[in-house]
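Trainee: Model the following, please.
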Amino acid sequence: MESVYLAIPLASLFGAVIAGFFGKQIGRNIAHWVTILGVGTSFILALVVLKDVAFDGAAVYNEALYTWMVSDGIRFEIGFLVDSLTAIMMVVVTSVSLMVHIYTIGYMHDDPGYQRFFSYISLFTFAMLMLVMSNNFLQLFFGWEAVGLVSYLLIGFWFKKETAIYANLKAFMVNRVGDFGFLLGIAVILMYTGSLDYYEVFSNSSRMTSETMEVIPGIEWSVITLACILLFVGAMGKSAQVPLHVWLPDSMEGPTPISALIHAATMVTAGIFMVARMSPLFELSETALSVVIVIGATTAFFMGLVGIVQNDIKRVVAYSTLSQLGYMTVALGASAYSAAIFHLMTHAFFKALLFLAAGSVIIAMHHEQDIRKMGGLKKYMPITYWVSLIGSLSLVGFPGFSGYFSKDAIISAVHNSSIPGAGYAYWMVLLGVFVTAFYSFRMFFLVFHGKERMDEHTREHLHETPPVVTLPLILLAIPSAIIGWLAIDGILFSGFLDQPIFVLSEHDTMATVGQTFHGPASFVAHGFSEPALYLAFAGIASSWYIYLKKPEIAEWFKTTFSFIYNLLDQKYYFDKFNETVFATTSRGIGHVLFRIGDALMIDGLVVNGSAKLVGWMSGVVRQVQTGYLNHYAFAMISGLILLLGWAILG
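Mentor: Coordinates of the predicted model:
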């Protein structure tokens, strides 16, 4: 199987290289076909691996492919770890990426950077596959940075658009903050275990529980807690958790297909996957778990509130991603790692569906993204309407849809958790159900129902998007509706993830949830006795009444509670705070350092100063060269006298 494992990431890389380096020579059609075939090959092979792991009982594959370097006894290797967790992630990444590739043919049809875009999204897939298949921290960090780099290229794909350049630079800088913590966490692990290999680190992790170190003089920190928190700082950047979330909404400046790929299957899921993979470390630090659960709960609820006031169709979906990532993070903090991965999987399908459906609407509306200028699109775009309804119902956790199974499992797990902060987290994720339902169906009703608010020219040309756009939507709608029924038992309760995920018995909340599980149908029926279901119904009903029946209520609230509206509209002033405190301060420090270090010291003294000194000395020495023979004779005699005097006196 080693050749199969190698082929999975390399097939996508092959398509990226061909389309990237030879795009002009091969043309647009061959560029998209070679990348689609590459990702399609990766997807088929990932299904083979999933079957091998899930049904044929294949042993875990954990091998180094080659050694890159050995330094001071530490081996830096490239290798693969293929187990049930890897298999799930590979299928999710490749399936969503394949749908995005097909969809891109229609969405980017007239873009001059067509081949370049296909190259980038295939490279994105390769980077994520290398991340999830890694068996050591070196390769994990390679994939981690590679997805960051490609996201920078894709968010700023339209490089002549000023807002896109601002957005990709913002994403790059915020992620550098998270990645700095991530790298420090890896350094702590290497320092105390002497290895970068996962299994070796996990087997030596008990040593870190008894060790302490001084980060601040006089204050002792548990090494395992410090390492886990630093690793989680990296996850906060990649998976956009407060306060490192500010880059994700601005990533909407990139083309819609990459918005779907970033939000559903690649970059933002990297942090969730990493913490789940590191469960043998996080389980040894309740403090780290408490930090994780509180950060996740804060993100889940408060970022959802911001989604209520957004009017850009893609930004509404973007804030829903922030909120749902918060749910996954809460599950990680509650030691319900399997529930986090399950929600990652279901979310990948319905979030990709919602983003691509939003892109379908944008195409039909001639690239208008303001939902206040839409309305009544149901009769013009029936396919987009029904798939959007499926995606929205799955997002809010409507009974029977895939999002219901994973979200309800997280809420139940948190409710049974004893981790410090779990009580706060439970109320945040519970109230978040109402908020999610409200903003999701606010967007749905304003786009597809009610009064038609577009201009006459747009209305006359409204029609359903072509099959190359709608086919991926239909294919994504299927798992968004049914994957929960098929996967909940295996992933959550039948031990499919028991080998890669380690949970202490006192933290095992999923075991408590499993005591009442008697199949998917009973799980759905049990939801009717829980408050989350009625909060979802209340959110849908409230948005229907306010935005379709009594729209004046929204205007009244906006006017009466202007402070709250402005707070949400300004995204809690995170951007202004960062720009004022960090960006302005950094620019000020840079300006001072430039004046003192570069202009004064380097240019003034070293470069220009040395040049002026040499010029002055040359001018002095030049006076000696008079051209008169008697002057030279005098200089020679004087030099001879000095030499004789030195020799005699010496």
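
Trainee: Show me what the helix or strand residue 268 falls within is packed against.
Mentor: Following DSSP states H and E, one finds residue 268 within helix 267-277. Judged by 3 or more CB pairs under 8 Å, 6 or more residues apart in numbering; DSSP states H and E, helix 267-277 is in contact with helix 84-107, helix 114-133, helix 137-155, helix 223-238, helix 313-333, helix 337-364. Backbone N, C-alpha and C define where each C-beta goes, glycine included.

Trainee: State the number of residues packed around residue 423.
Mentor: A count of nearby residues for residue 423, using other CB atoms under 10 Å, gives 14.

Trainee: And for residue 36, nearest residue in space, chain neighbours not counted?
Mentor: Take residue 36 and drop its neighbours on the chain: the residue closest to it by CB to CB, 6 or more residues apart in numbering is residue 101, 4.8 Å away.

Trainee: what's in contact with stretch 418-434?
Mentor: Here stretch 418-434 makes contact (CB atoms under 8 Å, 6 or more residues apart in numbering) with 286, 289-290, 293-294, 296-298, 300-301, 304, 323, 326-327, 330, 333-335, 396-397, 407, 410-411, 414-415, 417, 506-507, 531-532, 535-536, 538-539, 542.

Trainee: Among those residues, which ones are in helices?
Mentor: Using DSSP state H, the subset of those located in helices is 286, 289-290, 293-294, 296-298, 300-301, 304, 323, 326-327, 330, 333, 396, 407, 410-411, 414-415, 531-532, 535-536, 538-539, 542.

Trainee: about what we covered before: same question for the helix holding residue 268, mean pLDDT?
Mentor: The pLDDT scores in helix 267-277 average 93.

Trainee: which helices and strands does the helix or strand just after that helix pack with?
Mentor: Toward the C-terminus, helix 267-277 is succeeded by helix 279-282 as the next helix or strand (DSSP H and E). Helices and strands touching helix 279-282, by 3+ CB pairs under 8 Å, 6+ apart, are helix 198-203, helix 205-209, helix 223-238, helix 286-307.

Trainee: is it possible to export those helices to TSV including mean neighbour count?
Mentor: As requested, those are exported to TSV (neighbours: other CB atoms under 10 Å):
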stretch	mean neighbour count
helix 198-203	17
helix 205-209	17
helix 223-238	26
helix 286-307	24
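
Trainee: Return the member of those having the minimum mean pLDDT.
Mentor: Minimum mean pLDDT among the helices and strands packed on helix 279-282: helix 205-209, a mean of 84.

Trainee: So which residues make contact with that one?
Mentor: When contacts are defined by CB under 8 Å, 6+ apart, helix 205-209 is touched by residues 189, 192-193, 222-224, 227, 280-281, 284-285.

Trainee: If we use 6 Å, what do you get?
Mentor: Outside of helix 205-209, the residues within contact range by CB atoms under 6 Å, 6 or more residues apart in numbering are 192, 223-224, 280-281, 284.

Trainee: ok, those vs residue 121, which is closest?
Mentor: Nearest to residue 121, judged by CB to CB, of the contacts of helix 205-209 is residue 281 at 32.4 Å.

Trainee: centroid residue for the protein?
Mentor: In the chain, the centroid-proximal residue (CA atoms, centre = their mean) is residue 268; its distance is 2.1 Å.

Trainee: contacting residues for it?
Mentor: Residue 268 neighbours (CB under 6 Å, 6+ apart): 239-240, 325.

Trainee: what bits of the stretch 251-400 of the chain have low per-residue confidence?
Mentor: Applying pLDDT under 70 to the stretch 251-400 of the chain flags no residue at all.

Trainee: quick one: residue 390 from residue 195, how far?
Mentor: Using CB to CB, to the nearest Å, residue 390 is found at 46 Å from residue 195.

Trainee: Neighbour count: these two, which is higher?
Mentor: Shown here are residue 390 and residue 195; by other CB under 10 Å, residue 390 has more neighbours (24 against 19).

Trainee: Quick check: that one touching residue 479?
Mentor: No. Look at residue 390 against residue 479 with CB atoms under 6 Å: they stay out of range, at 10.2 Å.

Trainee: if I've got this straight, residue 486 is in a helix?
Mentor: Yes. Assessed with DSSP: H, G, I helix; E, B strand; the rest coil, residue 486 lies in a helix.

Trainee: Could you count how many residues lie near residue 26?
Mentor: 15.

Trainee: okay if I get the helices and strands packed on helix 279-282 as TSV plus distance to residue 445?
Mentor: Formatted as TSV, those follow (distance: least, CB to CB, whole Å):
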stretch	distance to residue 445
helix 198-203	47
helix 205-209	50
helix 223-238	33
helix 286-307	14
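
Trainee: Following element in sequence after the helix or strand where residue 438 lies, please.
Mentor: Per DSSP H and E: residue 438 is located in helix 422-448. The helix or strand immediately downstream of helix 422-448 is helix 456-460, counting by DSSP H and E.

Trainee: Residue 100 contacts residue 257, doesn't it?
Mentor: Yes. Taking CB under 6 Å as the definition, residue 100 is a contact partner of residue 257 at 4.9 Å.

Trainee: Quick check: the residue lying closest to residue 190 once chain neighbours are set aside vs residue 30, distance?
Mentor: Closest residue in space to residue 190, ignoring its immediate chain neighbours: residue 196 at 6.1 Å, by CB to CB, 6+ apart. Counting by CB to CB, the separation of residue 196 from residue 30 is 40 Å.

Trainee: With neighbour numbers in mind, choose between those two.
Mentor: More crowded of residue 196 and residue 30, by other CB under 10 Å: residue 196, with 22 against 15.

Trainee: I'd say that one and residue 135 touch.
Mentor: No. Using CB under 6 Å, residue 196 makes no contact with residue 135, being 9.5 Å away.

Trainee: In this protein, where is pLDDT below threshold?
Mentor: For the chain, residues meeting the criterion pLDDT under 70 lie at 650.

Trainee: partners of the strand ranked longest in it, with directions?
Mentor: Secondary structure of the chain per DSSP state E: the longest strand is strand 61-71. Sheet partners assigned to strand 61-71 using DSSP bridges are listed as strand 74-82 (antiparallel).

Trainee: what comes into contact with the partner strand?
Mentor: 5, 61-69, 133, 135-136, 138-139.

Trainee: Would you confirm that residue 479 contacts residue 348?
Mentor: No. In this structure residue 479 lies outside contact range of residue 348 using CB under 6 Å: 8.8 Å.

Trainee: In terms of neighbours, single out the busier of the two.
Mentor: Between residue 479 and residue 348, counted using other CB under 10 Å, residue 348 has the larger neighbour count: 27 against 23.

Trainee: what's the neighbour count on residue 116?
Mentor: Residues near residue 116, counting by other CB under 10 Å: 18.

Trainee: For residue 313, state which of the contacts of helix 205-209 is nearest.
Mentor: Nearest to residue 313 among the contacts of helix 205-209 is residue 281, at 39.8 Å by CB to CB.

Trainee: ok, now which ones touch the closest residue in space to residue 299 that isn't next to it in sequence?
Mentor: Among residues not flanking residue 299 along the chain, residue 326 sits closest, at 3.4 Å (CB to CB, 6+ apart). Residues in contact with residue 326 (CB under 6 Å, 6+ apart) are 296, 299-300.

Trainee: 7 Å instead, please
Mentor: 241, 296-297, 299-300, 303 (CB atoms under 7 Å, 6 or more residues apart in numbering).

Trainee: List the contacts of stretch 362-379.
Mentor: Here stretch 362-379 has contacts from 107, 256, 311-314, 361, 380-381, 385, 443, 446-454, 458, 462-463, 465, 469, using CB under 7 Å, 6+ apart.

Trainee: Closest to residue 245 out of the contacts of helix 205-209?
Mentor: Using CB to CB, these come closest to residue 245 at residue 281, 23.9 Å.

Trainee: so what's in contact with residue 100 and residue 257 at the same time?
Mentor: Common contact partners of residue 100 and residue 257 (CB under 7 Å, 6+ apart): residue 121.
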